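**Q** based on what follows, work out the 3D shape:
(one chain, ligands or ions: 1)
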Amino acid sequence: MKIVVDQVKCQNHGLCAISAPANFALDTDGKLQYHESFNEENIDDIEDAVDSCPLQAITLSRDAA
Ligand code: SF4
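**A** Next comes the predicted model:
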């Protein structure tokens, strides 16, 4: 499973970085950076991030190896 952020929808609010700071962060330019892969123990935080995104830009893809 991997994290996918729709870069067209994302407006770099950073709410996901508050919910799941291990996986999402805003860089010094205020642009979202994230890790596609994640540790299963962070799944609750990541699901919170998915829910917190006002633009519904974050999805979890089960296609990843
Ligand atoms: S909360 Fe959504 S819109 Fe905001 S930075 Fe994260 S993915 Fe982008």
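
**Q** give me the next element, helix or strand, following the longest helix seen in the chain.
**A** The longest helix of the chain (DSSP state H) is helix 43-52. Next helix or strand after helix 43-52 toward the C-terminus (DSSP states H and E): strand 58-61.

**Q** that older thread, now the longest helix of the chain: buried residues?
**A** For helix 43-52, a neighbour-count test (16 or more other CB atoms under 10 Å) marks 45-46, 49-50 as buried. The C-beta positions use only the backbone N, C-alpha and C, and glycine is treated the same way.

**Q** mind giving me the packing neighbours of that helix?
**A** Other elements packing on helix 43-52 under the criterion 3 or more CB pairs under 8 Å, 6 or more residues apart in numbering; DSSP states H and E are helix 15-19, strand 58-61.

**Q** I'd like the next helix or strand past the longest one.
**A** Using DSSP H and E, the helix or strand that follows helix 15-19 towards the C-terminus is strand 24-26.

**Q** buried set for that following strand?
**A** For strand 24-26, by 16+ other CB under 10 Å, it's residue 24.
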